[in-house]
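Asker: Build me a structure from this.
(one chain, ligands or ions: 2)
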Amino acid sequence: MTSDKGLLIVLSGPSGVGKGTVRKAIFEHPETDFKYSISMTTRKKREGEVDGVDYFFKTKEEFEALIEQDKFIEYAQYVGNYYGTPVDYVEQTMADGHDVFLEIEVEGAKQVREKFPEALFIFLAPPNLTQLEERLVNRGTDSPEIIRHRIDEAKRELKLMNLYDYVVINDDVDLARGRVQCIVEASHMRRARVESKLRKMLLEVNQ
Ligand SMILES: Nc1ncnc2c1ncn2[C@@H]1O[C@H](COP(=O)(O)OP(=O)(O)OP(=O)(O)O)[C@@H](O)[C@H]1O
Ligand SMILES: Nc1nc2c(ncn2[C@@H]2O[C@H](COP(=O)(O)O)[C@@H](O)[C@H]2O)c(=O)[nH]1
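Answerer: Ligands and ions are numbered 1, 2, ... in the order given. Next comes the predicted model:
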């Protein structure tokens with residue numbers, strides 16, 4: 001029985017769908033009590049991004065040394081860069097009883113599923129591909145070539161949404177924020193019910 005341990009929440013979905021925007025809305029909400037796991041990446045820092053807040057920015061050599069030391073729960077190469085979730089922070093924070101929130105792409109989510117099958121997997125989907133492309137263009141952070149690459153990846157990733165526990169459409173940030181929060185709440189309630197049943201069963205067996 002694991003009720004003292006926090007829940008691992010994985011929010012995944014194609015680039016530009018609004019994962020970061022929805023995540024920020026979740027963390028600004030007064031009812032939110034999760035901890036956010038800051039990823040490591042070899043991608044160049046965008047304007048306004050802060051090391052240790054948005055990502056831990058690493059060189060390729062630093063990142064590969066961390067892979068060798070088994071310092072990631074999962075990592076993936078995405079559009080020419082490495083991205084990964086640091087193992088120490090996630091395991092320690094969950095052991096302390098906090099829910100941990102990951103915002104990662106689909107290959108990484110598959111690896112998390114293998115290591116933490118009890119985690120909660122939520123796929124954030126766009127209303128349609130046209131709006132996804134518009135969001136990437138309007139964000140203004142990537143060249144047309146990178147946007148094309150991200151859209152190609154998105155087409156592949158969208159085919160995998162059926163592997164997730166839940167799909168949330170991000171048609172409106174506040175609605176999507178609320179849907180994710182409700183899913184997490186329901187997941188806690190279900191976990192508590194299962195654990196209570198297990199406790200009762202163990203009592204019966206031990207009598
Ligand atoms: N519901 C929405 N309606 C319209 N625009 C949105 C919505 N959600 C997010 N956006 C906008 O879409 C753009 C992409 O959002 P965001 O950067 O959060 O995506 P992301 O999934 O985190 O991308 P990446 O995976 O590349 O980091 C931003 O400009 C954001 O303001
Ligand atoms: N597998 C992982 N994917 C991650 C991680 N952190 C972020 N991401 C995802 O990468 C893409 C690109 O991000 P961007 O900041 O360059 O736009 C996006 O889908 C992120 O969600 C991670 O630790 N592991």
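
Asker: Is ligand 1 within reach of the lengthiest helix in the chain?
Answerer: When the chain is parsed with DSSP state H, its longest helix is helix 173-206. Yes: Helix 173-206 reaches ligand 1 (C-beta under 6 Å from any ligand atom) through Val173. Where C-beta positions appear, they are placed from N, C-alpha and C, glycine not excepted.

Asker: Give me the mean pLDDT for that helix.
Answerer: Mean pLDDT, computed over helix 173-206, is 92.

Asker: With stretch 123-139 instead?
Answerer: Per-residue scores along stretch 123-139 average to 97.

Asker: pLDDT weak spots in the chain?
Answerer: 1-3 (pLDDT under 70).

Asker: Return the residues of it in contact with ligand 1.
Answerer: Applying C-beta under 6 Å from any ligand atom, one finds that the chain approaches ligand 1 through 15-21, 135, 138-139, 170-173.

Asker: Would you state the helices of the chain in chain order?
Answerer: Counting by DSSP H, one finds helices in the chain at the ranges 19-28, 60-68, 87-95, 106-115, 129-139, 144-158, 173-206.

Asker: Report how many residues lie close to the residue of the chain found nearest ligand 2.
Answerer: Using C-beta to the nearest ligand atom, the closest approach of the chain to ligand 2 is made by Gly108 at 2.3 Å. A count of nearby residues for Gly108, using other C-beta atoms under 10 Å, gives 23.

Asker: Next up, the contacts around it.
Answerer: Ser12, Glu74, Tyr75, Ala76, Tyr83, Gly84, Thr85, Leu102 (C-beta atoms under 8 Å, 6 or more residues apart in numbering).

Asker: Tell me what the second one is bridged to.
Answerer: Spelled out, that is Glu74. Thr85 (DSSP bridges).

Asker: number of nearby residues for it?
Answerer: Around Glu74 there are 24 residues (other C-beta under 10 Å).

Asker: Buried by neighbour count: which residues of stretch 64-78 qualify?
Answerer: Buried residues in stretch 64-78, counted by 16 or more other C-beta atoms under 10 Å: Leu66, Lys71, Phe72, Ile73, Glu74, Tyr75, Ala76, Tyr78.

Asker: Same check on stretch 186-193?
Answerer: Ser187, Arg191.

Asker: Would you pull up how far that stretch lies from the middle of the chain?
Answerer: Relative to the chain's own centre, stretch 186-193 is displaced by 20 Å; criterion: C-alpha atoms, centre = their mean, to the nearest Å.

Asker: And for stretch 188-195?
Answerer: On C-alpha atoms, centre = their mean, the centre of stretch 188-195 falls 22 Å from the chain's centre.

Asker: from the buried residues of stretch 64-78, which is closest to Phe116?
Answerer: Ile73 (7.8 Å; C-beta to C-beta).

Asker: got the contact list for the closest one?
Answerer: Ile73 neighbours (C-beta under 8 Å, 6+ apart): Gly84, Thr85, Pro86, Val87, Val90, Glu91, Gln111, Val112, Lys115, Phe116.

Asker: near ligand 2, which of the buried residues of stretch 64-78 show up?
Answerer: Glu74, Ala76, Tyr78.

Asker: Mind putting these into JSON lines with distance to Lys60?
Answerer: Shown next, in JSON lines, are those (distance: C-beta to C-beta, whole Å):
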{"residue": "Glu74", "distance to Lys60": "18"}
{"residue": "Ala76", "distance to Lys60": "14"}
{"residue": "Tyr78", "distance to Lys60": "14"}
